[in-house]
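1. Sequence and predicted structure are below.
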Amino acid sequence: MFDIDIRKLISQFQYNPQEPLIFNSGFFLFLFLGFLIIYNLLSKTHRAKLVFVTLFSLYFYYKSSGMYFLLLISTTCIDFSLAQFIYRSVSPWKRSSILALSLVANLGLLGYFKYTNFLHEIFSQAAGIPYQPFDIFLPVGISFFTFQSLSYTIDVYRKTLRPVNNILDYAFFVSFFPQLVAGPIVRAADFLPQLKMPTFVSKEMFGRGVYLICTGLFKKAIISNYISLNFVDRIFDSPTLYSGLENLVGVYGYALQIYCDFSGYSDMAIGIALLLGFKFNINFDSPYQSKNITEFWRRWHISLSTWLKDYLYISLGGNRKGKVRTYINLLITMLLGGLWHGAAFRFILWGGLHGLALAIHKFYSSLNLSKPSSPFLKSLASVGSVLLTFHFVCFSWIFFRAGNMETAGQMISQITSHFNGQILFDFISGYKGVVFLMVLGYILHFIPATIEKRAEDWVTQIPLAGKAALVVSIIMLVVQTKSAGIQPFIYFQF
């Protein structure tokens, strides 16, 4: 009666490098529904629940990176064991040596997969020999789970955290699938205590989870994917074929695309975790509303910015060694933050620009200059600050997104020398869908937090049937706007 191709069905459950398992795919929806059924049956049995979720998480990573899920297992075993040794050691020298092993293991793993070809290219150019990249696969999200695991051993070393006694608890923490491949970077101190509590999903948690999944799916699969495929990618692929106006709108489009893509993933990760009874900290807080670059980094990729502050900036001395050293520490932190994002000089330049801007803002803040007294001038200054910060961030995004420095230079040249603003209305007419979604995306981004909270409360209060209808509606919108295959999240490459 039913003609089912068993081999094709089985192949859906096997790793396919062209189709990594991501939240906005139909196959994930199918898997997650089955996962939820079993999870609810096991929710009262602590160990069985941990084993099941850990195995599912490892399978989730297998579907994203194939046999490289073994790296995840090895990282888990190494850091669990080293943290135990650090905690039991009395000698400061021995504790430091064991921590060094953890640093070497995690950063060495990251360095091999992510930076070997980068260093090889630099060496080849310096030696004047042809560059032939090594065939090294970059496992999805390796930067995230190595940073997450490394923070655990550092916290144990600093005596701010006691290590867990059961490796299953630690494996659950490192591999937990909602945030595994693209963050947020979850701290052990925030997450591990939740494992000791009974699984409980309150009405508010369930409502917020559904709300975040819907908003995340809308941002990623509708806004980000559509403007990327139908406009932004074309501009960045060949900037000289387009006017300066189109290039500028392309930069604005990418600023919205990367925000919707990455915050959309974070929203879905936080939402899925809530449905399972776990809480993550917020990872994005309307960053383009920031009035200065320091505020931007308090709102953008919060889990990474706080990680860099706590484990790199403070370790370098933070602001405890004088003003000049503070500025240097900010610059070093952001340069390394840029390198964390990608093995290319343009990422280092992007990080350097942000580090320089942070140092300049810190210096400016130390001057304690007088501020406007009238409400009108305060409002004007506030708007001007937001616009200035936003455009600096957009300018920096050019180097982040462009395929190489030559492309970045071409875009800047087109914007400054070949603007051709008279085509504005023709541009709007030719890209109606893109313009509509960009305007909608920025409006949604800049709406007050109180309105967002009301929307979340409304989703929480509507009955289960209403929540189901909302989810189905979003899925239907995704299907209607889909113009190509499933688009991986931008931060999968990091």
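-> That came through fine.
2. where do the helices sit along the stretch 151-300 of the chain?
-> 167-175, 188-195, 203-217, 225-227, 233-237, 244-275, 293-299 (DSSP state H, counting those that start in this stretch).
3. Give me the packing partners of the shortest one, helices and strands only.
-> With contacts defined as 3 or more CB pairs under 8 Å, 6 or more residues apart in numbering; DSSP states H and E, the secondary structure elements packing on helix 225-227 are helix 244-275, helix 432-446. C-beta coordinates here come from the backbone N, C-alpha and C atoms, glycine included.
4. Quick one: mean pLDDT for the last one?
-> Within the predicted structure, the mean pLDDT of helix 432-446 is 94.
5. just checking, what packs against that helix?
-> helix 225-227, helix 244-275.
6. go with 10 Å
-> helix 225-227, helix 244-275, helix 424-430 (3 or more CB pairs under 10 Å, 6 or more residues apart in numbering; DSSP states H and E).
7. Tell me what angle that helix forms with helix 244-275.
-> Inter-element angle recorded for helix 432-446 and helix 244-275: 60 degrees (by axes from the mean of the first three to the mean of the last three CA atoms, to 10 degrees).
8. Let me know the next secondary structure element after helix 432-446.
-> Using DSSP states H and E, the helix or strand that follows helix 432-446 towards the C-terminus is helix 449-461.
9. Mind listing residues that contact that next one?
-> The contact list for helix 449-461, computed with CB atoms under 10 Å, 6 or more residues apart in numbering, reads 202-212, 214-215, 285-286, 289, 444, 447-448, 466-467, 470.
10. buried stuff in the longest helix that the chain contains?
-> Taking DSSP state H as the criterion, the chain has its longest helix at helix 92-127. For helix 92-127, the neighbour count (16 or more other CB atoms under 10 Å) marks 95, 98-99, 101-102, 105-106, 109-110, 113-115, 117-118, 121 as buried.
11. what about it, average pLDDT?
-> For helix 92-127, mean pLDDT is 90.
12. Return the distance of that helix from the chain's centre.
-> 23 Å (CA atoms, centre = their mean, to the nearest Å).
13. again, but for stretch 133-142
-> The answer for stretch 133-142 is 18 Å, by CA atoms, centre = their mean.
14. First-to-last residue distance for that stretch?
-> 20 Å (CA to CA, to the nearest Å).
15. pLDDT (mean, whole number) over it?
-> Mean predicted confidence for stretch 133-142 is 85.
16. quick one: buried residues of it?
-> Neighbour-count burial for stretch 133-142 [16+ other CB under 10 Å]: 138-142.
17. so which of the helices and strands packed on helix 432-446 comes closest to residue 342?
-> Between residue 342 and the helices and strands packed on helix 432-446, the tightest spacing by CB to CB is seen for helix 244-275, at 12.9 Å.
18. tell me what the closest one is packed against?
-> Contact partners of helix 244-275 among helices and strands, from 3+ CB pairs under 10 Å, 6+ apart: helix 26-42, helix 203-217, helix 225-227, helix 233-237, helix 375-401, helix 405-417, helix 424-430, helix 432-446.
19. what domains does the record give for the chain?
-> 17-199, 204-489 (automatic domain parsing).
20. quick one: the last one to chain centroid distance?
-> Think domain 204-489. With CA atoms, centre = their mean, you get 11 Å for domain 204-489.
21. what two of the buried residues of helix 92-127 are the furthest from one another?
-> Going by CB to CB, the pair spanning the buried residues of helix 92-127 furthest: 95 and 121, at 37.5 Å.
22. rewinding a little: filter the buried residues of stretch 133-142 down to just the ones in strands.
-> The strands in this structure, assigned by DSSP state E, contain none of those.
23. Now for these: which two are most distant?
-> Farthest pair in the buried residues of stretch 133-142, by CB to CB: 138 and 141, 9.7 Å.
24. circling back to that earlier point, buried ones among the contacts of helix 449-461?
-> Buried members of those, counted by 16+ other CB under 10 Å: 205-212, 214-215, 286, 289, 444, 467, 470.
25. Relative to residue 256, how far out is residue 434?
-> Here the distance between residue 434 and residue 256 works out to 10 Å (CB to CB, to the nearest Å).
26. Just want to know which of these two has more residues nearby.
-> Legend: neighbour count by other CB atoms under 10 Å for residue 434 and residue 256, higher for residue 256 (26 against 21).
27. Tell me the pLDDT of that one.
-> Note on residue 256: pLDDT of 96.
28. now it, nearest residue through space, not along the chain?
-> Nearest residue to residue 256, sequence neighbours excluded (CB to CB, 6 or more residues apart in numbering): residue 441, at 4.8 Å.
29. Now do the same contact list for the one you found.
-> Per CB under 10 Å, 6+ apart, neighbours of residue 441: 218-219, 222-224, 226-227, 253, 255-257, 259-260.
30. ok, now residue 286?
-> Contacts of residue 286 (CB under 10 Å, 6+ apart): 259, 263, 299-300, 444-449, 452.
31. ditto for residue 135
-> Taking CB under 10 Å, 6+ apart as the test, what residue 135 contacts is residue 117.
32. Give the helix, strand or coil label for it.
-> Residue 135 falls in the coil class when you classify it by DSSP: H, G, I helix; E, B strand; the rest coil.
33. and the closest residue to residue 292 other than its chain neighbours, how many neighbours does it have?
-> Closest residue to residue 292 apart from its sequence neighbours, by CB to CB, 6+ apart: residue 361 at 5.3 Å. The burial count assigned to residue 361 is 17, neighbours taken as other CB under 10 Å.
34. Work out for me the element residue 361 sits within.
-> Residue 361 belongs to helix 345-366, assigned by DSSP H and E.
35. No further questions, thank you.
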